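A.B. asks: task: produce atomic coordinates for the following.
(2 chains)
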Amino acid sequence: MRITVNGEVRDLSALDPDMPLLWALRDVVGLTGTKYGCGVAQCGACTVHVDGVATRACQTPLSSVGNGQVITIEGLNTPVARAVQDAWTTLAVAQCGYCQSGQIMSAVALLSENKRPSDADIDAAMTGNLCRCATYNRVRAAIHQAARSLA
Amino acid sequence: MIPLNPQTLRPSRRSLLTGALIGGVFVLGFQPKAQAQAPGGTALNPFQAYLRIAPDGRVTVISAHFDMGQGIYHGLATLAAEELSVPLSQVSVEGGASNPRAYGNLTAGGAFQFTGGSSGIPSSWERYRRAGATAREMLRSAAAAAWNVPVSEVLAENGQLTAGSRRAGYGDMIAAAARLPVPSNVALKPASQWTLIGKTPPERIDSRDKTNGSQNYTLDMRLPGMLIAVVAHPPRFGATVQSFDAAKARAVRGVVDVVQIPRGVAVVADTTWAAIKGREALTVTWNEARAEKRGSADLRKAYLEAAERAGAPAANRGDADAALGRAARLIEATYEFPYLAHAAIEPLGAVVRRARDGTIEIWGGHQMPDIYQTIASQIAGVTPDQIKMHVMKSGGGFGRRAVLDGDVVAEAVSVAKAINWRAPVKLTWTREDDMTGGRYRPMYVHKMRVGLDAQGRISGWHQRIVGQSIMSNTPFEGFAVRNGVDATSVEGASDTPYQIADLRVEVTNTSVGVPVLWWRAVGHTHTAYAVETMIDEIASATGKDPVQLRRELLAENARERAVLDLAADKAGWTTEPAPGRFRGVAVHQSFKTYVALVVEISMSGQDVRVERVVAAVDCGIAINPDNVVAQIEGGIGFGLGAILGEELTLTDGVVDQKNYDSYTPLRIDRMPKVEVHILPSTASPTGVGEPGTPPIGPALANAVAKATGRRVRLLPFAKGMTS
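C.D. replies: Here you go, the predicted structure:
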């Protein structure tokens, strides 16, 4: 079983094919920017991109990844991603920061599809990403700011 | 529970446990018997306790406080950098531990280290500015000696030392400076010279790491050879392991060992997934002879019955019974508050490693590192100084990581010991462990009777509070619970600022086997709701404007009045809201920070939508104004989620909610617009981590009453709006 993470092919044949991508990334590949929050796709802290689509790694068995290109927070390097991360830092979105990898992965996926998201679009794309510090207003503002900077 | 003798926690022989009541929350009072040094430990060499400067000039501030997201690292960096005169971009922060003289919390006498009660800033305001200033003076003296010029000619600015044409970076002089005698009574900059305090720098110092995935939390720790442990805990609180069958668990690929520890059975594996699968395959028989088997409905019934009987007096002004007896009319109300989970997004965990020489390292979100070190040493059978505590930033906390029995640290050390220390161990609680593992905001019932005389003035206020004490059954009970009153059960009610001549507050602390704990703003989370909605109810009953009534009852409380006026003004309180919009107001002081909120809502059937919140806050000097805004925003969102939909219930003693599907914090689609206005102040700074949370519930409830006439007294709203 080989999967491609951030452009690198990883041989994970030794692992249980049922193992969620989350634990393979964190415990085996060593990419801990993708977080564990709930294990049941309710909090979004584990969000990664598989072929550009925001995906909850905790509910993605390794066997289902196939030839999909997995991108984690550590592998982000598109102009959209840079705009999002810059907006996140200038607006000081993060408090504890633990959910923010997932928030950013969801935001980048949103802005890659929708260059000028409305507040309703943001609600629809980001409601699956829980932030217990309730940084939501800054998440929203940062998405709008990133959209403006990319325009 | 680990037997813990408060005597063994004494950090020095000179300290004396006094039980002083501190700010209504941390009732643990260690007070130094002899004050041999100025406040803040100024006789300490700052380079041995608070600051490191690298040869390249990078400054590392060592934090006495644990950062769970509230931004205390940024705050302490600001204080030290202000006096040291270095740009914040050159500063990073790491957690300190095991030095109570340097890191003891000064709001509780200074003799042991903890974070809580929004005390990080009050404890650090003098200490970290003084550390920076003392370091700056030592650097100037070192430069003066090296250059053979008077100290007065050496300037320390922007990380550089200069005298005429001579110039050196701080890093060039640090070796000499650190060996100099430590000056005392170094002058601090006057406010007029501040360039960092009160300003908003371009970004919080940890924003970048928290945006690119590089910030390491406890659960991200990876050590060579490390194993992961997941523990099977009893399904009912108070149960213990009777027996277990590990055969199927051991057969799971990746499982290395299965061991019993005092709190359950640990499955130890090479990956987290294997440990989780191993636990699923484990069979444990629990001894439930002493387990709590009551459910929420049983507890509710018992609490409502208890509220009919007198409790221990927590406040007694005038004669409430007589005043109520002569009142023209009575308002009676019973409020019910559920258990609440902290549900921090990073589940609990800790990492333990023992070196060949027997010394032990423990990584974790150590909110009370000295206590955890003591507990760990007792389990490991070593002396505390053989244990090195690494205080990690954590993914939220909200009070859950300050536990007097050191729960996850104790578990992690127990597991490492049970496998004979053969590998480093990372203990991971799953979300389900975290949600069902206890330590909740206690369930409470308030029964209130308020009298009004013929002119509509308050004639007697009687409030009975029923619920579990947080401090009872801890090593600190003897000091923290006085005459049957745990201040954390009644704070915000027994000390209400409202001028009510005849007032009695009573408390009955119940005995329930569900472990409880402080939860962001502690007692204020329920007392503010009861008091502030009752004040609103009095205003309605007497036809008074809710802001005006509060102003009258706060005639001698200028700070409450000032935030109330500011919030009312900014919200346009005296103007009519748009059609379909309704407003509510609340003001509450907690941890010496004053917050007033005006909430504007719309209703769609019974569904409440919070459209806008205007906040005014007086926290004294706002050291990092943008972080004050962030904490008030977050405190409001955290409180709003609880008020709208959070509730932890039990059926026959088993917790019903296991994950975020049934325990439902606020999500982005319910977050209102929030405007935060900071009252300009020259008063000493107070904390902002908690005080944003208490007023949101009552302000919202008061708006709902305005819109619908319904007084919601059963929480959360998901229940109270339909019952």
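A.B. asks: thinking residue B:393 is in contact with residue A:96, fair?
C.D. replies: Yes - Residue B:393 lies in contact with residue A:96 (Cβ atoms under 8 Å); the separation is 7.4 Å. Placement of C-beta: from N, CA and C, glycine included.
A.B. asks: SS state for residue A:145?
C.D. replies: Assigned state for residue A:145: helix (three-state reduction, DSSP: H, G, I helix; E, B strand; the rest coil).
A.B. asks: pLDDT score for the closest residue to it other than its chain neighbours?
C.D. replies: Nearest non-adjacent residue to residue A:145, counting by Cβ to Cβ, 6 or more residues apart in numbering or on different chains: residue A:87, 4.2 Å away. Confidence at residue A:87, expressed as pLDDT, is 97.
A.B. asks: how many residues are close by residue A:87?
C.D. replies: 26 (other Cβ atoms under 10 Å in any protein chain shown).
A.B. asks: OK, contacts around it?
C.D. replies: A:93, A:141, A:142, A:143, A:145, A:146, A:149 (Cβ atoms under 8 Å, 6 or more residues apart in numbering or on different chains).
A.B. asks: go again using 10 Å as the cut-off
C.D. replies: A:93, A:104, A:107, A:111, A:138-139, A:141-150, B:211 (Cβ atoms under 10 Å, 6 or more residues apart in numbering or on different chains).
A.B. asks: chain A contacts on the stretch 251-400 of chain B?
C.D. replies: Near chain A, the residues belonging to the stretch 251-400 of chain B are B:252-254, B:269-277, B:342-347, B:349, B:365, B:393-398 when assessed by Cβ under 10 Å from any Cβ of the partner chain.
A.B. asks: now, which of those lie within strands?
C.D. replies: Members of those lying in strands (criterion: DSSP state E): B:269, B:349.
A.B. asks: can you select the buried ones from the residues of the stretch 251-400 of chain B next to chain A in PyMOL?
C.D. replies: Filtering these down to the buried ones (16 or more other Cβ atoms under 10 Å in any protein chain shown) takes a single PyMOL command:
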select buried, chain B and resi 252+254+269+270+271+272+273+274+275+276+277+342+343+344+345+346+347+349+365+393+394+395+396+397+398
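A.B. asks: now do the phi/psi pair for residue B:393.
C.D. replies: phi -70, psi 150 (degrees, to the nearest 10).
A.B. asks: find the residue at the geometric middle of chain A.
C.D. replies: Central residue of chain A (Cα atoms, centre = their mean): residue A:105, 2.7 Å from the mean position.
A.B. asks: show me which of the contacts of residue A:87 are buried.
C.D. replies: If we count by 16+ other Cβ under 10 Å, the contacts of residue A:87 have these buried: A:93, A:104, A:107, A:111, A:138-139, A:142-147, A:150, B:211.
A.B. asks: which two of the residues you listed have the greatest separation?
C.D. replies: The span of the buried ones among the contacts of residue A:87, defined through Cβ to Cβ, is set by A:138 and A:150 at 18.3 Å.
A.B. asks: closest point of the stretch 351-500 of chain B to chain A, which residue?
C.D. replies: residue B:395 (2.7 Å; Cβ to the nearest Cβ).
A.B. asks: right, and that residue touches residue B:69 too?
C.D. replies: Yes - the pair formed by residue B:395 and residue B:69 meets the contact definition of Cβ atoms under 10 Å, at 7.5 Å.
A.B. asks: let me know the helix or strand that the residue nearest to residue A:145 is in.
C.D. replies: For residue A:87, the enclosing helix or strand under DSSP states H and E is helix A:79-90.
A.B. asks: give me the next element, helix or strand, following that helix.
C.D. replies: helix A:100-113.
A.B. asks: still on that earlier bit, quick one, grab the pLDDT at the residue of the stretch 351-500 of chain B closest to chain A.
C.D. replies: At residue B:395, pLDDT is 98.
A.B. asks: okay, domains of chain A per the record?
C.D. replies: A:2-73, A:79-150 (automatic domain parsing).
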